[in-house]
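Trainee: sequence first, predicted model second:
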Amino acid sequence: MNLTLKQLAELVGGTLTGDPAAVVTGAAGLPDAGPADVSFLADAKRAADLAGTKAAVVIVPKGLSADGIAAKVEVPGLPQLAFAKVLRILERERRPLPTGLHPSAVVHPSAKLGAGVAVGACAVIEAGAVIGDNTVLYPQTYIGTDTVVGKDCLLYPQVVVRERCKLGDRVIVNSGSVIGSDGYGFVQDGGVHHKVPQIGRVVIEDDVEIGANNTIDRAALAETRIGAGTKTDNLVHVAHNVKVGKGCLLVGQVGIAGSTTLGDYVVLAGQVAVSDHLQIGSRVVALGQAGISKDTAEGAVVTGTPAQPVREHWKIQALTRKLPELFADVKALKEKLK
Amino acid sequence: MNLTLKQLAELVGGTLTGDPAAVVTGAAGLPDAGPADVSFLADAKRAADLAGTKAAVVIVPKGLSADGIAAKVEVPGLPQLAFAKVLRILERERRPLPTGLHPSAVVHPSAKLGAGVAVGACAVIEAGAVIGDNTVLYPQTYIGTDTVVGKDCLLYPQVVVRERCKLGDRVIVNSGSVIGSDGYGFVQDGGVHHKVPQIGRVVIEDDVEIGANNTIDRAALAETRIGAGTKTDNLVHVAHNVKVGKGCLLVGQVGIAGSTTLGDYVVLAGQVAVSDHLQIGSRVVALGQAGISKDTAEGAVVTGTPAQPVREHWKIQALTRKLPELFADVKALKEKLK
Amino acid sequence: MNLTLKQLAELVGGTLTGDPAAVVTGAAGLPDAGPADVSFLADAKRAADLAGTKAAVVIVPKGLSADGIAAKVEVPGLPQLAFAKVLRILERERRPLPTGLHPSAVVHPSAKLGAGVAVGACAVIEAGAVIGDNTVLYPQTYIGTDTVVGKDCLLYPQVVVRERCKLGDRVIVNSGSVIGSDGYGFVQDGGVHHKVPQIGRVVIEDDVEIGANNTIDRAALAETRIGAGTKTDNLVHVAHNVKVGKGCLLVGQVGIAGSTTLGDYVVLAGQVAVSDHLQIGSRVVALGQAGISKDTAEGAVVTGTPAQPVREHWKIQALTRKLPELFADVKALKEKLK
């Protein structure tokens, strides 16, 4: 990257105070930034964090007066968003994408690749698969029979998307994730767990990002669905027939059991577990390690196992911490009444 | 699939009421079924669920009178089992298996492949490995040196089975699972964790299904063993030297620490953790997120961390919810006695 | 393996009592050992475990008198360390390493491979990568652009190390682990989670072992770092910008959220979760399933969610178990005072 501050200000639609001809070549957080780095201040309330930064320029909220820094670019929106725009340029430099069809890739003749599709080394694309324009399949990815991947997607090395699944546009899947594995469905009869064939599929809507080493099972009959704009962290498990709404955040190691439905903008923090066949309303937030075992109303904020509203949980938890005194009090009362 | 109702009734050994020449081409749950679909009713108690279904035919328990549906097939056993039989036909259509030895697969000349074995693109089979008849290795699978895989197994893309392990017959392994990774064994001496070489193996008995992205470690010296008919869900961790009995169900994100032994038909719900060197009796059931930290007797149903019998746990939990009243009561008593 | 007891005693620097010409060909634990096996006794206090062993020779602590066993080798240090030395010989026999560059591997011409590097079948090494002397890349591994791997490393099948990461010397990575996946970083604006490009890297220091199916995210801007000698078990999640100190043990299914720092020799037991932006002091120990949600002082031993010192936690937990009596007592007091 080699941007003058003038170019940078134009890129992010901001107003520069400083030398327009000065150049940045990298980006860093305020304390780590050097004299060729752009940095950002997320929030005017934290203006004290600017002190001592060596950054060449700092992207700041509109109207922030900032003395003692080399230069600033005021932006009307969120400074971090403007900063992300700069990072995308750096990213392009630092993350070279495969291009073209690597000769070691194994692409079935009946698969259809859009314009500008890249298929990395040792990738395998099965019969009838369709890959949208400008989608990048890194080396060693696997696309199953009749699976459809949209445009501008990015599948990192060793992603598996099994047969007959559907990914929308601009979907990112990190390495090691498996989409379309068999749901966990068995019928017990006479001490034997008989497999129920899982013939459904997975649908991932537009603008979803799936973290690394996720497992998203195909439905028994119909579909498992991840709503548009939802982002999952690493090692997340989504069972068969689950529906996740739009814009949800599923943080590391979350597990959602079969046939549960999440509304939109649900946030499940790390290691949260959700039982099967539940309805979780939109904008529900579950704190880390919560175990949700019943339907949860829109907007509820829950914690604990079994999960309950945070206020109730914390109130009870505070009282359990006072149990030593309570036991002592009761003992004293008993003595007194003897 | 293109089955007449006559053929369908014969396939599942049931009795048809309806037009024997009518045809089904798909399968679906009762609410989703269309006029060319077969569906099923699992339980006569839920006969109300039949109302309004558009299914061409419904597989029902023997003796169920069912008005208002297009046709029914009464079966003597579990309707879901009969339905699963139909699904297997659909599955064969929808999940084309690799056949033959793909030219890009890398098979060591000393490996032995049985009759009808399929090896997908970019799969790697090391020296001395033995693959049983009709086993299907999807693309990008890895079979280590001297590993033995039984007959009629199905290993989905990107499964790793490391050296000297053994899989029985009819074993299914979902994508991304690793069988035979090194156990977590170190000796600390002088601030250094020295690795203890893990030279044992993993034995997976017949009819086991392993979910996606599991990790089943090889034993330090002898073997880690998964008993016949056991089914694991996704992201399950089985440490070195663990013995899992027959017919167990290990649900998503379960973790079992080293050298623990599970009896038969143990059910561990999602995110359950079991400590090391424990004996867990047959038919133990642990509810979601339980943390089992001591030996557990046959048939116990446990929950919580540390896990205890559900009745005790729930009783205590119910009392903690009444703590606000108890604190108030004690306060009132103290006032009274002042 | 074919060692005389004389050779074995020399190998481990111990003193033999027994027939120096006798031969061992295998190794096993005391109860499983046969007459051609070497075994070990970890601790003199457990000398009773020697009774009935059929081992050809047992490695024992210096000074242990041991009657009734075929032979013993007394060692000055930890017997298990000496035993591990023997196991390394067995391991070499039982775990054949790939050698040379497999013709199906795809190595970019600009990648630099040190002397004695092995690259297995269908492995992919991108442009500018550097692989140190004697490092072994098993089949189907992936090394990203400009990534540097040190000397004497061992990467098992289907490991992914993405672009611009750095692994030190003698690093072991088990199958299915992903190093350098994108951190989970988004800025929400107007109901949309905008991706913050993750342009940092992961640094893994010398002598680290990473278990199977781990996910270690690259930093947003700078680096995620795993300190020298740290060992992770399976399915461990390390988020972006985390710093793990030296000699830490992260047991199965541990998750560490973004920007948290762990000191040295921290031990996190199975399924422990650590929240983001925390400082965890050196030698902190967290028991299984703990949820650490605040900074934790050096040497603390914590448990529960939220994690607190074990003594406090256990005291409160013991009192909750006595709640039935307390409720009864209070009821009786109320009756008395009526």
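Mentor: Noted; the coordinates are in hand. If you're wondering where the values come from, they're calculated on a predicted model, not measured in any experiment.
Trainee: A:Leu333 should be in a helix, yeah?
Mentor: Yes - assigned with DSSP: H, G, I helix; E, B strand; the rest coil, A:Leu333 falls within a helix.
Trainee: now the helices for the stretch 1-150 of chain A?
Mentor: Remark: helices assigned in the stretch 1-150 of chain A by DSSP state H, counting those that start in this stretch are A:5-12, A:79-94.
Trainee: tabulate the ones you listed (CSV), appending mean neighbour count.
Mentor: The way it works is simple: take the backbone N, C-alpha and C, and place the C-beta from them, glycine included. What follows is these, written out as CSV (neighbours: other CB atoms under 10 Å in any protein chain shown):
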stretch, mean neighbour count
helix A:5-12, 19
helix A:79-94, 20
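Trainee: which of these comes out lowest on mean pLDDT?
Mentor: Sorting the helices of the stretch 1-150 of chain A by mean pLDDT places helix A:79-94 lowest, at a mean of 93.
Trainee: any idea how many residues pack against the closest residue in space to A:Ile89 that isn't next to it in sequence?
Mentor: Among residues not flanking A:Ile89 along the chain, A:Met1 sits closest, at 5.4 Å (CB to CB, 6 or more residues apart in numbering or on different chains). Neighbourhood size, A:Met1 [other CB atoms under 10 Å in any protein chain shown]: 18.
Trainee: can you pull the contacts of A:Met1?
Mentor: A:24-27, A:86, A:89-90, A:93 (CB atoms under 8 Å, 6 or more residues apart in numbering or on different chains).
Trainee: just name the closest of those residues to chain C, please.
Mentor: Closest approach to chain C among these (CB to the nearest CB): A:Leu90, at 5.2 Å.
Trainee: that closest one: what's it in contact with?
Mentor: With CB under 8 Å, 6+ apart, A:Leu90 has these contacts: A:1, A:26-27, C:197, C:199.
Trainee: distance of the residue nearest to A:Ile89 relative to A:Leu11?
Mentor: Going from A:Met1 to A:Leu11 by CB to CB, to the nearest Å gives 11 Å.
Trainee: over to A:Lys195?
Mentor: For A:Lys195, the distance to A:Leu11 - CB to CB - is 54 Å.
Trainee: could you chop chain A up by domain?
Mentor: Split into domains by automatic domain parsing, chain A comes to A:3-94, A:106-313.
Trainee: tell me the most buried of those domains?
Mentor: domain A:106-313 (a mean of 23; mean count of other CB atoms under 10 Å in any protein chain shown).
Trainee: so for that domain, mean pLDDT?
Mentor: Domain A:106-313 comes out at a mean pLDDT of 98.
Trainee: what's the answer for stretch A:55-69, then?
Mentor: 91.
Trainee: ok, it near chain C or not?
Mentor: No - on the criterion CB under 8 Å from any CB of the partner chain, stretch A:55-69 is out of touch with chain C, staying 11.9 Å away.
Trainee: which residues are in contact with that stretch?
Mentor: Contacts for stretch A:55-69 (CB under 8 Å, 6+ apart): A:5, A:8, A:12, A:14-16, A:18, A:22-24, A:28, A:30, A:33-41, A:43-44, A:47, A:50-51, A:53, A:70-76, A:79, A:82-83, A:86.
Trainee: near chain C too, which of those residues?
Mentor: A:28, A:83.
Trainee: which of the contacts of stretch A:55-69 fall in strands?
Mentor: A:15-16, A:23-24, A:37-40, A:72-75 (DSSP state E).
Trainee: between the residues you listed, which is nearest chain B?
Mentor: A:Phe40 (35.8 Å).
Trainee: tell me the secondary structure at A:Ile316.
Mentor: On the basis of three-state DSSP, A:Ile316 is classed as helix.
Trainee: sorry, wrong one. I was asking about A:Lys336.
Mentor: A:Lys336 ends up helix, using three-state DSSP.
Trainee: okay, now the residue nearest to it when sequence neighbours are not counted: neighbour count?
Mentor: Closest residue in space to A:Lys336, ignoring its immediate chain neighbours: B:Leu337 at 5.9 Å, by CB to CB, 6+ apart. When neighbours are counted by other CB under 10 Å, B:Leu337 registers 12.
Trainee: name all residues that make contact with B:Leu337.
Mentor: A:333, A:336-337, C:337.
Trainee: A:Leu326 now?
Mentor: B:326-327, B:330, C:326.
Trainee: how close does A:Gly263 get to C:Ala286?
Mentor: 33 Å.
Trainee: can I assume A:Leu221 is in contact with B:Ala33?
Mentor: No - counting by CB atoms under 8 Å, A:Leu221 does not reach B:Ala33; the two are 9.1 Å apart.
Trainee: anything in contact with each of these two?
Mentor: B:Ala27.
Trainee: for chain C, what are the nearby residues on the stretch 151-300 of chain A?
Mentor: Near chain C, when you scan the stretch 151-300 of chain A using CB under 8 Å from any CB, you find A:156-158, A:172, A:174-176, A:209, A:211-213, A:229, A:231, A:233-235, A:247, A:249, A:251-253, A:265, A:270-271, A:288-289.
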